[in-house]
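A.B. asks: Have a look at this prediction, sequence included:
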Amino acid sequence: MTNMEQDTIITTRNLSRTYTLGTMKVPALNHVTLDIRRGEFAAIMGKSGSGKSTLLHQLGLLDTPTEGKITIDGAEISGLSESEQTIFRLEKFGYVFQEYAILPELTALENVYLPAMALGLSQDECVTKGMDALEMVGLAERADHRPKEMSGGEQQRVAIARALINKPKILFADEPTANLDSVSSRQILELFRKLNQDMGQTILMVTHELEDVDLVDRVIWLADGEVV
Amino acid sequence: MTSITTELKVSAFLAYKSIAKGNKGTSALTILIMALAFVNLMFMASLFTGLTDASEDQVIETLYSNIVIEPKDEETYIKSPDSVMKKVGSVPGVLGISAQYLTASTIAHKEKSGAWTVRSVDPDDEITVSSVPKMMIAGECLSKYDRDEIVIGKEIAGGHGGSLEHLSLGGVVVGDTVEVAFKNGVRREYRIKGIFDTNFIQSNQLAYITEKEMESVLGTTDMTSQILVKTDGKGGEDKYVEQFTMLGVHEDIKTWTVYAGIVATITQSFTAINTLISVIGLFVAGITIFIVIYVSTVSKRRQIGILRAIGIKESIIIRSYVFQAVFYAICGCITGLLVMFMILVPYYTRHPLVFPMGDVTLVIEQKNAIARGVALVAAALVAGFIPSWQAVRETILDAIWGD
C-alpha cells in the first residue's frame, strides 16, 4: 500500500445510483469517482437535486449503489452483508442529520452513550465517555435534560456528541445547520472545524450554504449526479 | 461483534425508556386491556373449575361418598355386610361407612305419582358418609328406629322451585302420607318426615327410609346393595381401594369418579367451550398488543430509521418492542390476578352462582393461571414481533425521509 493509499480513507470508482420510479429510471449519481483523505474536512455542494445527499448516503452505507465500488478505510464495502454494514456504521461512522435526530425519551447523556452501549461498553464507561463527548460540544451541564428541554442548536450538538462517542473514522453530516439559526449554525460549523483541526477528524458534510466554503478543506461540487 | 448480552441490555434499555418516558395514558390503557383479557381467560376457567368442583363435591357428599363397595357382577347383594364394614373400618383414614339398600319404586300422593329410587340407611351410619341429613328444608331426618316414615328430596316433593316440578308429587309437605310401591310388589304408606334440598338435581330425586323398614319390605336381613365409604379428603381414594383389597374385601370396589358420569360430561363440554373462549380471548389480547406496538412503530418510524443509521442492529430494535409487549402482558396478568383474587373471587364466594349441580364459586387453579399467563405472554411476543419486524424491513432512507 502506497502512502497515498494510506492517506485515503474513502475511495469511490464509477459510483452510480439510479432510482426506479414506476417504469422510469432516474439517475441520481453518475459514475462518481473521488477520494477523501484521512483527516480531511470536505463539503459536498451543489444545487438541489444534484445528488449531494445521495452521494453521502452511499458513502455512509445508508443506501446501496446501483453500480461502482466503494472502499472505506481499506475495506471494500460492496461485499458486506446488511448486518455487517450495521456493525461497520456503528464502529467506524458518526452521523449528524439535518433534523435533530435524537430520541425524545432519552436524556442528552443517554442519547450520546447509546452507540457506546451498543458496542458493549459498561455503564460506567458509557457515562464517562458520554460526559466527555458532551463536554466536547459544550453541553456537559445539560446531560440530564431531555430533548424537549433543549434548543435546536443544543439538540444538534447532542447529535454531534453521539456521533463522536465511538471515535468514528468518518463523521457524516447531512446539512447539519439547515434547521438552525445563524448563531447556532456558526457554533456547529466551528465545532466541526475544531474537531477536524484538534483531533484530525475526517468530516464529510453536505451543505448548500456558500459561506461554509471558508471553513472546509475542500468542496466537492456536484451537478446532475456528477462531480464537476 | 456485539454479544447477545449487550444486545439484550440495549433492547431492555430502549424498552424501559420508551415505557417510562412514553405516554403514561397509553401504557395504562394497554395494561388495562391486557388485564381484562387475562380476567376473561381466567374467569371462564375458574368458573368451569368451580362448576366441576361443585359437581364432584355433590357426587361425593350427597350420592356416593368417596368409595362405593358393590356386589360382584354375578351377585345382587353384598352378603354379610358387617364383615366387610369391619375390615374397611380398620383402615386408618376411613371416616365413615354406611350400608344401603337401593330399590326402584313408585311413590304416589293422591292423583300424582312418579318413579324414584328409594334408599334405605342406618341414619346413624349415613350421617358419617353423607351431607343429606344436614340439608333438610322441612321436617327432620330419619332416626334409627323409624318404621313408617320417609324422607324425600325436593324434586319428589315439589313446591320448592325444583327443576323437575312437573314430575313431582305437586307440593307434598311434612306430615302428608305417600304410598310407595316397591319393585317386589309390596305397597306401603309412609308419613313424610322430612324434605331435603342438596342443591343437586340428582340427589334431590332420592327418597330415604330406614334399614329396618327396608328389611321388612324385602323380607331379608344381613344383605345390602352397596356400602359407601367416606375417606379423608378427595383425590386419594385409590390407595384405600388397594388397602381394602389387601384386607380381603373381594367385592367390587369403585371410587366416586366411576359414578361421576355427569361431571365428566360437564367437564368435557366445558373444556371445549373454555378452549374456544380462551382462543378468542388470546386473539383479542394479541391483536390489542399488535395495534399498540404497530401504532408505536408507525409513530416512531423515523426514530427507528435513525437508530438503524447510527448502527443499532435490527434485532435490538425488534427486541425492544417485543420487551415492551411482554411488559404490558405481564403487567396485565398481574393486574388481572389482583382483580380475580381481590374482587371477583370474594364477590362470588359471597354470592355464588346457582347451577343444577349446586352453588358454584370461582376456583383459581395455579396450573390454569400459569398456563393462561404463559399463553398471554406468548401472544404478546408474537404480536410485538410482527409489527416491529415489519418496521425494520423498510429501507433506512424510507424510514427517515419517506412519506
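C.D. replies: On my side now, so go ahead.
A.B. asks: so A:Asn14, which of the three states?
C.D. replies: strand (DSSP: H, G, I helix; E, B strand; the rest coil).
A.B. asks: Within range of chain B, give me the residues from chain A.
C.D. replies: Proximity of chain A to chain B, by C-beta under 8 Å from any C-beta of the partner chain, involves residues A:57, A:60, A:62-63, A:83, A:86-91, A:93-95, A:97, A:99, A:101, A:103-106, A:110, A:114-115, A:117-120, A:146, A:162-163. Any C-beta I mention is one placed from the backbone N, CA and C, and that applies to glycine too.
A.B. asks: Out of all residues in chain A, which is the farthest from the middle?
C.D. replies: A:Thr23 (32.4 Å; C-alpha atoms, centre = their mean).
A.B. asks: Please work out which residues outside the helix or strand encompassing A:Ile9 touch it.
C.D. replies: Using DSSP states H and E, A:Ile9 falls within strand A:8-21. Here strand A:8-21 makes contact (C-beta atoms under 8 Å, 6 or more residues apart in numbering or on different chains) with A:25-38, A:40, A:51, A:54-55, A:58-59, A:63, A:65-73, A:169-170, A:202, A:204, A:225.
A.B. asks: Identify each buried residue in it, please.
C.D. replies: A:8-12, A:15-17 (16 or more other C-beta atoms under 10 Å in any protein chain shown).
A.B. asks: now swap in stretch B:86-98 and tell me
C.D. replies: Buried, per 16+ other C-beta under 10 Å, within stretch B:86-98: B:87-88, B:91, B:94, B:96-98.
A.B. asks: Over to stretch B:245-265?
C.D. replies: B:249, B:251, B:253-257, B:260, B:262-263.
A.B. asks: now do stretch A:180-193
C.D. replies: A:180, A:184-185, A:187-189, A:191-193.
A.B. asks: now do stretch B:17-36
C.D. replies: B:17-19, B:27, B:30-31, B:33-36.
A.B. asks: before we move on, the earlier item: could I get the buried residues of stretch B:86-98 as CSV with distance to chain A and secondary structure?
C.D. replies: Shown next, in CSV, are the buried residues of stretch B:86-98 (distance: C-beta to the nearest C-beta, whole Å; DSSP: H, G, I helix; E, B strand; the rest coil):
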residue, distance to chain A, secondary structure
B:Lys87, 73, helix
B:Val88, 70, helix
B:Val91, 65, coil
B:Val94, 65, strand
B:Gly96, 67, strand
B:Ile97, 71, strand
B:Ser98, 71, strand
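A.B. asks: From B:Tyr321, how far out is B:Val186?
C.D. replies: Applying C-beta to C-beta, to the nearest Å, the value for B:Val186 to B:Tyr321 is 80 Å.
A.B. asks: hey, where'd the strands end up in the chain?
C.D. replies: Assuming you mean chain A. A:8-21, A:24-37, A:41-46, A:67-72, A:75-76, A:93-96, A:170-174, A:202-206, A:218-223, A:226-227 (DSSP state E).
A.B. asks: oops, I was thinking of chain B
C.D. replies: All strands of chain B, identified by DSSP E, fall at B:67-70, B:78-79, B:94-109, B:112-121, B:136-139, B:149-153, B:177-182, B:187-196, B:206-210, B:223-224, B:226-231, B:252-255, B:353-355, B:358-360.
A.B. asks: any idea which helix or strand of the chain has the worst average confidence?
C.D. replies: Looking at chain A here, since you left the chain open. helix A:3-7 (a mean of 61; mean pLDDT, DSSP states H and E).
A.B. asks: hmm, I had chain B in mind actually
C.D. replies: Min over SSEs of chain B, mean pLDDT, DSSP H and E: helix B:261-299 (a mean of 80).
A.B. asks: Who are the packing partners of it?
C.D. replies: Contacts defined by 3 or more C-beta pairs under 8 Å, 6 or more residues apart in numbering or on different chains; DSSP states H and E place helix B:261-299 against helix B:24-58, helix B:314-339, helix B:366-393.
A.B. asks: what's the closest of the ones you listed to chain A?
C.D. replies: helix B:314-339 (6.9 Å; C-beta to the nearest C-beta).
A.B. asks: tally of neighbours for B:Gln100?
C.D. replies: Using other C-beta atoms under 10 Å in any protein chain shown, B:Gln100 has 22 neighbouring residues.
A.B. asks: With B:Leu8 instead?
C.D. replies: Neighbours around B:Leu8, by other C-beta under 10 Å: 15.
A.B. asks: One more: B:Val345?
C.D. replies: What B:Val345 shows, counting by other C-beta under 10 Å, is a neighbour count of 18.
A.B. asks: and if you look at B:Ser299?
C.D. replies: By other C-beta under 10 Å, neighbour count at B:Ser299 equals 10.
A.B. asks: What separation is there between it and chain A?
C.D. replies: 11 Å (C-beta to the nearest C-beta, to the nearest Å).
A.B. asks: What pLDDT does the model give the residue of chain B found nearest chain A?
C.D. replies: Going by C-beta to the nearest C-beta, chain A is nearest to B:Gly311 of chain B, at 2.5 Å. We note a pLDDT of 92 for B:Gly311 in this prediction.
A.B. asks: ok, now which ones touch the nearest residue to it once chain neighbours are set aside?
C.D. replies: Closest residue to B:Gly311 apart from its sequence neighbours, by C-beta to C-beta, 6 or more residues apart in numbering or on different chains: A:Leu90 at 2.5 Å. In this structure, A:Leu90 makes contact with A:115, A:118-119, A:166, B:310-312, judged by C-beta under 8 Å, 6+ apart.
A.B. asks: Out of those, which two sit at the greatest distance?
C.D. replies: Largest separation among the contacts of A:Leu90 by C-beta to C-beta: A:Asn166 and B:Ile312, giving 12.0 Å.
A.B. asks: Please work out which residues outside stretch B:221-235 touch it.
C.D. replies: Against stretch B:221-235 from outside (C-beta under 8 Å, 6+ apart): B:56-57, B:60, B:64-71, B:76-82, B:84-85, B:88, B:93-103, B:128-130, B:215, B:237, B:240, B:244, B:251.
A.B. asks: one step back: save the helices and strands packed on helix B:261-299 as a markdown table, and put in mean pLDDT too.
C.D. replies: Output for the helices and strands packed on helix B:261-299, formatted as a markdown table (pLDDT from 0 to 100):
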| stretch | mean pLDDT |
| --- | --- |
| helix B:24-58 | 88 |
| helix B:314-339 | 94 |
| helix B:366-393 | 90 |
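A.B. asks: I appreciate the help and will end here.
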